[in-house]
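1. What would the 3D arrangement of this be:
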Amino acid sequence: MKSLPRPLQKYLFSRPAKLAATLGLIAYVGHIANLDDILYRVYLNVTTSEESKAAAVWLNDYRMDIKGLVVQGIPDNLSGLTWNDDTKMLIGVTNSNLLAEISRDGELIRSLDMEGFEDVEAIAWMGHDKYLVADERRHTIAQITLNETTQKIVFDDSPKVTIGIGSGRNKGFEGLAWDSNQNSAWVAKERDPMAIYNIKGFSLNGLTNHIEINQDPRINKAIISESSDLSGLHYDQRSGNLLVLSDESRQLIEVTMDGKVVSTLGLGIIPHLRNFLPQPEGITMDDKGDIYIVSEPNLFYRFTKKANNEATATGV
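-> Next up, the predicted model:
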């Protein structure tokens with residue numbers, strides 16, 4: 001076998017630290033360019049059957065349709081989002097305690113004060129005019145009523161339950177999702193520890209006297225392996241899968257109930273590139289299957305399946 005050129009031998013064998021640094025730099029550049037996410041998406045696409053893709057949300061087929069649209073009328077801290085299938089409206093919350101009705105195109109329809117709340121981070125539509133909201137610092141989940149006559153949301157008037165999982169720290173509940181089939185709430189705790197809980201005891205008629213909290217180690221193992229933190233959550237009734245949003249990892253993953261990651265959507269590492277979201281905080285899906293993500297301070301993004309919409313991104 002022909003020997004390596006002497007300069008290359010000298011580089012490889014006389015300067016191992018320099019070689020290690022070079023390889024590390026290559027790996028880092030690949031990471032910030034999202035190459036690892038792209039390769040993983042390719043792997044999932046190749047190894048997943050067409051039947052499994054059809055049964056899932058299948059994030060691999062989603063493309064950005066509205067990019068970084070500023071929601072006029074919301075100054076900052078847009079942190080949670082849900083879809084009301086009755087009114088065909090998006091409902092967002094800010095951790096400065098504002099509730100907002102938003103159109104599919106990111107237009108603010110109206111906003112309401114949330115009186116007495118401290119740090120609202122997430123919201124989930126239950127049905128009719130009932131919602132669950134999460135107050136992070138208090139580790140409290142409250143049930144609120146919102147309809148066309150509502151003028152403001154008052155904390156003291158809302159049925160609520162305080163769940164002391166790592167309470168007293170600003171690493172509390174960042175995501176909420178409602179499973180109407182099981183009448184239970186999925187709750188994402190940001191970190192320390194990072195976990196997803198399933199909580200029973202809520203209903204459209206209020207809170208029951210019995211609250212049951214469970215977690216599935218398979219789901220938590222999946223999210224820990226893929227995410228640095230948790231910032232948003234959506235439960236897809238059709239597939240029965242969870243969409244889990246991570247701010248620090250800047251990605252959205254789809255997880256089955258048995259803890260399998262079936263699809264992913266990268267949200268960008270490098271600023272100013274097409275798929276970069278500065279601080280993704282809230283996630284939901286509408287009746288057409290479009291996915292909406294809000295990012296602090298007040299940015300609105302919409303993703304559609306490429307089969308349904310090949311349009312280029314709009315917005316800022």
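2. my guess is residue 138 contacts residue 162, does it?
-> Yes: if you go by Cβ atoms under 8 Å, residue 138 and residue 162 touch, sitting 6.4 Å apart. Yep, even glycine has a C-beta here, placed from its N, CA and C like the rest.
3. quick one: which of those two has more around it?
-> residue 138 (21 against 12; other Cβ atoms under 10 Å).
4. residues touching the more buried one, list them.
-> 118, 119, 162, 167, 172 (Cβ atoms under 8 Å, 6 or more residues apart in numbering).
5. which pair in the residues you listed spans the largest distance?
-> Within the contacts of residue 138, two members stand farthest from each other by Cβ to Cβ: 119 and 162, at 13.5 Å.
6. Skip the chain neighbours and tell me the closest residue to the residue nearest the centre of the chain.
-> Residue closest to the average C-alpha location in the chain (Cα atoms, centre = their mean): residue 245, at 2.6 Å. Counting by Cβ to Cβ, 6 or more residues apart in numbering, residue 245 lies nearest to residue 232, which is 3.4 Å off, once chain neighbours are set aside.
7. Equivalent analysis for residue 81, please.
-> residue 282 (3.5 Å).
8. Not counting the helix or strand that neighbour falls within itself, show me its contacts.
-> For residue 282, the host element (DSSP states H and E) is strand 280-285. Strand 280-285 has contacts (Cβ under 8 Å, 6+ apart) with 57, 78-83, 90, 92-93, 121-122, 174-175, 231-234, 236, 243, 245-247, 250, 252, 267, 291-296, 301.
9. From the residues you listed, which land in strands?
-> 78-83, 90, 92-93, 121-122, 174-175, 232-234, 236, 243, 245-246, 252, 291-295, 301 (DSSP state E).
10. roughly how far apart are residue 246 and residue 238?
-> Distance of residue 246 to residue 238, computed by Cβ to Cβ, to the nearest Å: 23 Å.
11. again but with residue 88, I slipped
-> 17 Å.
12. same thing with residue 225?
-> 25 Å.
13. And residue 118, by the same measure?
-> Distance from residue 118 to residue 238, by Cβ to Cβ: 35 Å.
14. For the stretch 1-150 of the chain, which segments count as strands?
-> Along the stretch 1-150 of the chain, the stretches classed as strands by DSSP state E, counting those that start in this stretch are 62-70, 78-84, 89-94, 98-102, 108-115, 120-127, 130-135, 140-145.
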